[in-house]
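*Asks:* Below is the sequence, then the predicted model.
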Amino acid sequence: MAASDTSNTHTDLPEQELPAWRRAVLKVGSNLLAADGGGLTPRYAEALAAFIAASQADGREVVLVSSGAVAAGRALLRQHASKGDGLAARQALAALGQAPMIALWQSLSARPVAQVLLTHDDLRNRRRYLNARATLRELLQLGVLPVINENDTVSVDELKLGDNDNLAAIVAALVDADLLLIASDVDALYNADPRRDPMAKPITHVATLTAEILAMAGDSGSNVGTGGMRTKMQAATKAGAAGIPTVLFSGRNVATVQALQHGRLRGTLIAAASSRMHARKYWLRHAPTAAGHIRVDAGAARALAGGRVSLLPGGVLGADGEFHRGDLVEVVDAADVVIARGLSQYGATEVRRLAGRHSREIDAVLGYSYGEEVVHRDDLITIDAPLAPVREISA
């Protein structure tokens, strides 16, 4: 059995409640942006942009992962499009098409649009991962709409896959999203290929991504898009492992897109393995830490015990051992009792230099800044029952 993208949408899909969310990643496929005669069209993007604007007006945050650069580049060089479809040619088309793709979204957004180009290597490398994370956080705080795409111009394996579905899932985990929204020209997951089987039935809710469900996925049914239902299921698996549910819906159906603004879904909801917070806390609580820790004063210890606060340099007494930016470290109080764990924004040497300083002094002390926090609240978990005192670590 297979379920692939199709332009035919069912209007009789039952509505269901959309999971509550504050921050979401919205992935928009090439099939929703490509014009019939080549290039890009706002035909379907307008409703999606209106959904983004309405969500932002309600105080929510949206990160957009958009395909379409290669299609836009091909239209700009239509006379050369048939001379080759190899990797180098597609990289050149991607470079040409990035500007028109961003221009399309900016024309539909009252807020500034920022282009962020990523490869999977950027997200595997700790330093680049944290830099991307910090940049996206800052953009969201500024009220900007980040538009993310793979850096197809320089990527190799990523472009061969052409897989922005999986990139969107990785970005959802990167920004601690509550929800992954995948818009395409398919309205749901089906138990068979609806292009070939008129009896194919939509599956509106998936509690667990079993082998049987994954076996239903097929490839793209279009020569414009490069993903299909298979990559959407892979993306949902990645997002679900991070505690993020995924929804699939038709971006071609205006009523379906408008219903999302009111918390209603006409499509497929794929539940996460556990809540996002539970998955995140479990990892922070149980993952191995670096051979070092951050010491804090009594005031910082009390603040951290209250939950949902960041560790600022003013409450830091020092750092023991050695760790690097992005390492998971333990936070200990004056009695060397572990009270929290988190991802340090700074290395041990930097933490020692920042101890007791105000956040606004970071740039003056170090000559650069990775942010106002030593450990951001999204990357920190408080240990409810204090752990045993840490063993002595030589500096």
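*Replies:* Structure's in. What do you need? Numbering: from 1, shown residues only.
*Asks:* what about the strands in the stretch 51-200 of the chain?
*Replies:* With strands called from DSSP state E, counting those that start in this stretch, the stretch 51-200 of the chain shows them at 61-66, 113-118, 145-150, 179-184, 189-190.
*Asks:* closest to Asp12 out of these?
*Replies:* Checking those against Asp12 by Cβ to Cβ gives strand 189-190 as the closest, at 13.5 Å. C-beta here means a position set from N, CA and C on the backbone, and glycine is covered the same way.
*Asks:* What lies in contact with that closest one?
*Replies:* 3, 200-203, 206, 213, 216-217, 229, 232-233, 248, 268, 270 (Cβ atoms under 8 Å, 6 or more residues apart in numbering).
*Asks:* Apply 6 Å and report the result again.
*Replies:* Here strand 189-190 makes contact (Cβ atoms under 6 Å, 6 or more residues apart in numbering) with 3, 200, 202-203, 268.
*Asks:* Can you check which helix is longest in this protein?
*Replies:* helix 87-107 (DSSP state H).
*Asks:* buried ones in it?
*Replies:* Residues of helix 87-107 classed as buried by neighbour count (16 or more other Cβ atoms under 10 Å): 89-98, 100-102, 104-106.
*Asks:* Could you do stretch 34-46 as well?
*Replies:* Neighbour-count burial for stretch 34-46 flags 34, 39-41, 44-45 (criterion: 16+ other Cβ under 10 Å).
*Asks:* Quick one: mean pLDDT over that stretch.
*Replies:* For stretch 34-46, the mean pLDDT works out to 89.
*Asks:* how long is it end to end?
*Replies:* 13 Å (Cα to Cα, to the nearest Å).
*Asks:* contact partners of that stretch?
*Replies:* Against stretch 34-46 from outside (Cβ under 6 Å, 6+ apart): 32-33, 68, 71-72, 75, 78, 100, 104, 108, 224, 251-252.
*Asks:* Also stretch 272-286?
*Replies:* Contacts of stretch 272-286 (Cβ under 6 Å, 6+ apart): 240, 242-245, 341, 381.
*Asks:* quick one: low-confidence ranges for the stretch 51-200 of the chain?
*Replies:* 79-87, 120-121, 124-125, 152-162 (pLDDT under 70).
*Asks:* Can you get me the centre-to-centre distance for stretch 293-306 and its chain?
*Replies:* 30 Å (Cα atoms, centre = their mean, to the nearest Å).
*Asks:* For that stretch, measure first residue to last.
*Replies:* Using Cα to Cα, the end-to-end distance of stretch 293-306 comes to 20 Å.
*Asks:* Could you list the residues in contact with it?
*Replies:* Contacts to stretch 293-306, defined as Cβ under 6 Å, 6+ apart, come from residues 309, 315-320, 329-333, 339-340, 351, 382, 390.
*Asks:* Just the buried ones out of those residues, please.
*Replies:* 309, 315-317, 319-320, 329-333, 339-340, 351, 382, 390.
*Asks:* For those residues, point out the one with the lowest pLDDT.
*Replies:* Val390 (55).
*Asks:* What sits closest to Asn164 if chain neighbours are left out?
*Replies:* When the adjacent residues along the chain are set aside, Asn164 lies closest to Ser67, with 4.9 Å between them (Cβ to Cβ, 6 or more residues apart in numbering).
*Asks:* Next one: that neighbour from Asp327, what distance?
*Replies:* 34 Å (Cβ to Cβ, to the nearest Å).
*Asks:* which one of these two has more residues nearby?
*Replies:* More neighbours surround Ser67 than the other of Ser67 and Asp327, with 31 against 18 (other Cβ atoms under 10 Å).
*Asks:* hmm, back to that, among the contacts of stretch 272-286, show me the least confident.
*Replies:* Among the contacts of stretch 272-286, Ala242 has the weakest pLDDT, 86.
*Asks:* ok, that one - contacts?
*Replies:* 173, 279.
*Asks:* Phi first, then psi, for it.
*Replies:* In terms of degrees, to the nearest 10, the main-chain angles of Ala242 are phi -90, psi 10.
*Asks:* What does Ile339 show for phi and psi?
*Replies:* The phi and psi values for Ile339, taken as degrees, to the nearest 10, are phi -110, psi -10.
*Asks:* Identify the residues contacting it.
*Replies:* Listed by Cβ under 6 Å, 6+ apart, the contact set of Ile339 reads 301, 331, 333, 383, 386.
*Asks:* 10 Å instead, please
*Replies:* Contacts of Ile339 were listed using Cβ atoms under 10 Å, 6 or more residues apart in numbering, and they are 296, 300-302, 304-305, 330-333, 382-384, 386-387.
*Asks:* try Leu32
*Replies:* Counted by Cβ under 10 Å, 6+ apart, Leu32 has contacts 40-41, 43-45, 47-48, 66-68, 183-185, 224-225, 250-252.
*Asks:* Tell me which entries of those lie within helices.
*Replies:* 45, 47-48.
*Asks:* Quick check: beta-bridge partners of Ser66?
*Replies:* Val28 (DSSP bridges).
*Asks:* State the number of residues packed around it.
*Replies:* For Ser66, the number of neighbouring residues by other Cβ under 10 Å comes to 25.
*Asks:* Is it in contact with Ala103, as I believe?
*Replies:* No - taking Cβ atoms under 10 Å as the definition, Ser66 is not a contact partner of Ala103, at 11.8 Å.
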